[in-house]
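[1] I need the structure of the sequence given here:
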Amino acid sequence: EGALPQQAPVLLGLEQMLFSDGRTSAVWGQQLREVWRRSLARTGVTTKDLGQHMGVLQYHLSARPHCLMRHEFMKLGVGAKSAEANKCHLFFPIPGDEVQFLRTGCLQHVDKFLAMAKHYNTSDLQVAREKLTQLRPSERMLVVAAA
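    Numbers count the residues shown, from 1 in each chain. Next up is the predicted model:
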């Protein structure tokens with residue numbers, strides 16, 4: 001399956017932003033960055049390749065105070081289950097994507113993340129949850145920015 005033409009440049013831009021901001025590990029800049037960028041810039045990159053490149057990039061991000069990295073988050077437990085077992089999946093839309101927003105499903109996911117409040121500050125998520133309850137049950141939305 002071929003990747004959409006705009007996905008690889010978006011991921012390259014994200015990496016550039018993270019690297020410029022000092023968010024990548026020392027090993028990334030010294031050993032992996034150039035090979036990773038060349039690999040992603042080649043022709044014929046598939047969606048699977050993009051996912052693998054994203055996973056490698058996520059793994060080599062440097063931790064910040066009060067920031068929970070994705071691979072750490074997926075290992076945390078909620079009750080007896082990990083976030084992965086609770087199906088707290090992450091989706092990375094890109095600008096221009098249309099997504100179908102389902103309020104009930106989104107609220108269920110937010111509630112799962114709120115259950116992890118002992119691990120991080122959830123005040124922003126509480127505010128977002130309140131705003132979500134004011135939306136219609138189902139809406140088609142256009143992604144205009146991703147961060």
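
[2] ok now do the residue nearest to Val144 when sequence neighbours are not counted, which residues does it touch?
    With sequence-adjacent residues excluded and distances taken as C-beta to C-beta, 6 or more residues apart in numbering, Val144 is closest to Pro95, at 6.0 Å. Quick note: C-beta positions are derived from backbone N, CA and C, even for glycine. Neighbouring residues of Pro95 by C-beta atoms under 8 Å, 6 or more residues apart in numbering: Val10, Val143, Val144, Ala145, Ala146.

[3] Pro95 in helix, strand or coil?
    coil (DSSP: H, G, I helix; E, B strand; the rest coil).

[4] Please tell me how far it sits from Ser20.
    20 Å (C-beta to C-beta, to the nearest Å).

[5] What separation do you get for the residue found closest to Ala145 once you drop the neighbours it is linked to in the chain and Gly51?
    Nearest in space to Ala145, with sequence neighbours left out and distances taken as C-beta to C-beta, 6+ apart, is Pro95 at 5.9 Å. Look at Pro95 and Gly51: by C-beta to C-beta, they are 19 Å apart.

[6] Likewise for Met141?
    Distance from Met141 to Gly51, by C-beta to C-beta: 23 Å.

[7] try Gln31
    Distance check for Gln31 against Gly51: by C-beta to C-beta, it reads 22 Å.

[8] what's the answer for Pro9, then?
    Applying C-beta to C-beta to Pro9 and Gly51 gives a distance of 16 Å.
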